[in-house]
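Asker: Sequence and predicted structure are below.
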Amino acid sequence: RQFLQTSAALFGAAALSQAWAQAVIRPNERSALIVVDVQNCFVPGGTLPVNNGHEVVPVINRIAPVFENVVVTQDWHTPGHASFASSHPGKKPFETTQLSYGQQVLWPDHCVQGSEDAAVHKDLKVPQAQVILRKGFHKHVDSYSAFEEADRKTATGLAGYLRQRGIRQVFVTGLATDFCVAWTALDAKRLGFDTYVIEDACRGIDLNGSVAAAWKQMHAKGVKRIQSSDLALS
Ligand code: VGL
Ligand code: ZN
């Protein structure tokens, strides 16, 4: 009896401190939601489908209303883009090659400018989004990150846009966790933004453990990994 009461009290205290430790995160006017590449190409039926990629849509739709500032990105490649395996004779998708700026994973042809495949997913509901940023439009340079192209020299302009609008904190969601989401989050952090990735609002491609590797790198650089349930939605 005594033991049961004591353990119940301890359990209650533990649950309470747990609740305190897990402080709710409340986005404000200096926060932006970044929705990365939620496009037809990256969901089942698209040209570079991410497993269960479509499942990010309801999660993003649920959290989006608390964000005053929303950025949507679109992977937006030229026909014959350098990141396409079809542009490199003898190469197959998911192999790698050496380009002028370093190693490049080669992908199936995807997200070609103006195609239905490159359109934003029809069920995504972010009517307040203020900018749609297209990336990967230079034929010879890929751009996983929404901030900087793969040559690590060419800026997209997003950092300046966010700074000029007074944004200090970003919440990254979308596709794919291990490529465009991770690169975007790592650049955001490096460029001085307080950076969160909302794990359940992302899905990964996962080539040879790339999802785990991406989380490890993001953790090492101070990107914060949270769940959509950590956000205050009212
Ligand atoms: C992406 C591979 C190629 C992404 C874009 O959005 O994560 N991945 N292009
Ligand atoms: Zn791409």
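Answerer: Looks like it came in fine. Residues are numbered from 1 along each chain as shown. Ligands and ions are numbered 1, 2, ... in the order given.

Asker: What is the neighbour count of the spatially closest residue to residue 75 that is not a sequence neighbour?
Answerer: In space, and not counting its chain neighbours, residue 75 is closest to residue 111: 4.0 Å by CB to CB, 6 or more residues apart in numbering. To be clear about C-beta, it is placed using only N, CA and C from the backbone, and glycine gets the same treatment. Using other CB atoms under 10 Å, residue 111 is surrounded by 26 other residues.

Asker: so residue 154 makes contact with residue 148?
Answerer: Yes: assessed by CB atoms under 8 Å, residue 154 is found in contact with residue 148 at 6.8 Å.

Asker: Compare neighbour counts for those two and give me the winner.
Answerer: A count of neighbours by other CB under 10 Å puts residue 148 above the other of residue 154 and residue 148, at 22 against 13.

Asker: Dig out what the more buried one forms beta bridges with.
Answerer: Beta-bridge pairing of residue 148 under DSSP bridges involves residue 155.

Asker: And for residue 112?
Answerer: In this entry, residue 112 is beta-bridged to residue 77, by DSSP bridges.

Asker: going forward can the numbers begin at 515, since that is how I track them
Answerer: Done: numbering now begins at 515, and the last item shifts to residue 626.

Asker: Check the spacing between it and residue 692 real quick.
Answerer: 22 Å (CB to CB, to the nearest Å).

Asker: anything in stretch 680-694 sitting right up against ligand 1?
Answerer: Yes: for stretch 680-694, a contact with ligand 1 is found by CB under 6 Å from any ligand atom, at 689-690, 693-694.

Asker: How about the contacts made by the residue nearest the centre of the chain?
Answerer: Central residue of the chain (CA atoms, centre = their mean): residue 695, 2.6 Å from the mean position. Neighbour list for residue 695: 550, 686-689, 711, 716, 728 [criterion: CB atoms under 8 Å, 6 or more residues apart in numbering].

Asker: Beyond the longest strand along the chain, next helix or strand please.
Answerer: Using DSSP state E, we find that the single longest strand of the chain is strand 708-717. Under the assignment DSSP states H and E, the closest C-terminal helix or strand after strand 708-717 is helix 724-735.

Asker: relative orientation of that following helix and strand 708-717 in degrees?
Answerer: 170 degrees (axes from the mean of the first three to the mean of the last three CA atoms, to 10 degrees).

Asker: Show me what from this protein comes close to ligand 1.
Answerer: Residues of the chain found near ligand 1 (CB under 6 Å from any ligand atom) are 551, 556, 589, 621, 658, 689-690, 693-694.

Asker: In strands, which of those residues fall?
Answerer: Filtering the residues of the chain next to ligand 1 for strands - DSSP E - leaves 589, 689.

Asker: coming back round to it: residues contacting the residue nearest to residue 589?
Answerer: By CB under 8 Å, 6+ apart, residue 625 lies in contact with 551, 553, 555, 561-562, 588-591, 631-632, 650.

Asker: repeat that with 6 Å
Answerer: Going by CB atoms under 6 Å, 6 or more residues apart in numbering, residue 625 touches 555, 589, 591, 632.

Asker: Just to check, residue 649 is in contact with residue 657?
Answerer: Yes: between residue 649 and residue 657 there is a contact at 4.1 Å, judged by CB atoms under 6 Å.

Asker: re the thing from before, which two among the contacts of residue 695 are spaced furthest apart?
Answerer: Based on CB to CB, the longest span within those runs between 687 and 728 and measures 14.4 Å.

Asker: Do a quick rundown of the helices in the chain.
Answerer: Counting by DSSP state H, one finds helices in the chain at the ranges 516-535, 570-577, 672-678, 696-704, 724-735.
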